[in-house]
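Chemist: sequence first, predicted coordinates after that:
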Amino acid sequence: VIKRIMKFIPKSEYKKLYDFLFKSHLSYCISSWGGVTPYRLSKLFTIQKRCVRLLFGEKPTYDHAEYFSTCARTRTYTEHIAMKNYSLENTKPIFNEEKIMSIYNLYAQHTFIELFKILKEHQPISLSNLFQLSHRSTSRVIIICKTTNELTKHNFVHKSSIIWNTLIDKVLDKCSPSVSNIVIPGSSEYSDFSTPISVVKSRVKAILLENQNQKIPGRDIEWL
């Protein structure tokens, strides 16, 4: 659908086109099914990269009509005899420039926000009772139960607890000690579950985009 209608839409609206027709489907209930093995998730990441190249890439891909232009009249002699470059464009700079999160970060964002809502509202109570916060008054981490079953490691409770413990100290502010050197939980503005959901969403997105922008040696091939 995107391939057929994009030529009728100005490039300034491509980001909205991506959000409405692709991201909305990709992120639907992702906190429930996104905990699958990386091998299965990588197939969806390949489709996401293909969509990003189609909308925002600088080099034509096999999704563009001009990529298969074979009419000799439209090409110079040099282009006619030159070997065709079939290498894929690296999508990591495109993701970072357009501030698009990969499917892995989309899963982390939605899962963290869903868990924050559960712990904040204690609803649904049947799901809220499955999470146990640390007994330390100044700690906000979740106690992760040991699992021996490999299948259990991919469920919502286990995966969301790991994501929570990784991001929570970066999302919420730390409480400063008082004059008597006592740390009072909730003394800072955004340090507990009273933090608005909108603030949590913006902070989580900023953190994940910053991590995505970092260069990791040997990992560039994932973005091809």
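Modeler: Received, thanks.
Chemist: hey, let's count contacts and neighbours off CA atoms from now on
Modeler: Noted.
Chemist: continuing past the helix or strand bottoming out on mean pLDDT in the chain, what's the next helix or strand?
Modeler: Lowest mean confidence among the helices and strands of the chain (mean pLDDT, DSSP states H and E): helix 77-81, at a mean of 68. Downstream of helix 77-81, the first helix or strand assigned by DSSP states H and E is helix 92-98.
Chemist: so how far is that next one off the chain centroid?
Modeler: 13 Å (CA atoms, centre = their mean, to the nearest Å).
Chemist: pLDDT (mean, whole number) over it?
Modeler: The average pLDDT within helix 92-98 is 91.
Chemist: for that helix, packing partners?
Modeler: Judged by 3 or more CA pairs under 8 Å, 6 or more residues apart in numbering; DSSP states H and E, the packing partners of helix 92-98 are helix 38-56, helix 197-213.
Chemist: reformat these as JSON lines; add distance to residue 132.
Modeler: What follows is these, written out as JSON lines (distance: least, CA to CA, whole Å):
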{"stretch": "helix 38-56", "distance to residue 132": "27"}
{"stretch": "helix 197-213", "distance to residue 132": "20"}
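Chemist: need the contact partners of the helix or strand residue 107 falls within.
Modeler: In the assignment (DSSP H and E), residue 107 maps to helix 103-121. With CA atoms under 8 Å, 6 or more residues apart in numbering as the test, helix 103-121 has contacts from 26-27, 30-31, 34-35, 41, 44-45, 48, 123-124, 127-128, 160, 163-164, 193-194, 197, 200-201, 204-205, 208.
Chemist: for the chain, which residues score under the pLDDT cut-off?
Modeler: Of all residues in the chain, those with pLDDT under 70 make up the ranges 60-75, 77, 79-86, 137-138, 177-179, 181-187, 217-220.
Chemist: could you rerun that using 90?
Modeler: Where the chain drops to pLDDT under 90, the residues are 1-12, 35-40, 50-51, 53-92, 122-124, 126-128, 132-155, 169, 172-195, 213-224.
Chemist: what's the spacing between residue 27 and residue 212?
Modeler: 18 Å (CA to CA, to the nearest Å).
Chemist: please say which of the two ends up with more neighbours.
Modeler: Between residue 27 and residue 212, residue 212 has the larger neighbour count (other CA atoms under 10 Å), namely 19 against 16.
Chemist: so how far is residue 93 from that one?
Modeler: 10 Å.
Chemist: again with residue 10
Modeler: Distance of residue 10 to residue 93, computed by CA to CA: 22 Å.
Chemist: of these two, who's got more company?
Modeler: When neighbours are counted by other CA under 10 Å, residue 93 comes out ahead of the other of residue 10 and residue 93, with 13 against 8.
Chemist: quick one: the more buried one from residue 215, how far?
Modeler: If you measure residue 93 against residue 215 using CA to CA, the figure is 11 Å.
Chemist: wait, what's in contact with residue 132?
Modeler: Neighbouring residues of residue 132 by CA under 8 Å, 6+ apart: 142, 143.
Chemist: and residue 159, how many neighbours?
Modeler: For residue 159, the neighbour count with other CA under 10 Å is 20.
Chemist: residues contacting it?
Modeler: Neighbours of residue 159 in contact, by CA under 8 Å, 6+ apart: 35, 153.
Chemist: shouldn't it be within a helix?
Modeler: Yes. Assessed by DSSP: H, G, I helix; E, B strand; the rest coil, residue 159 belongs to a helix.
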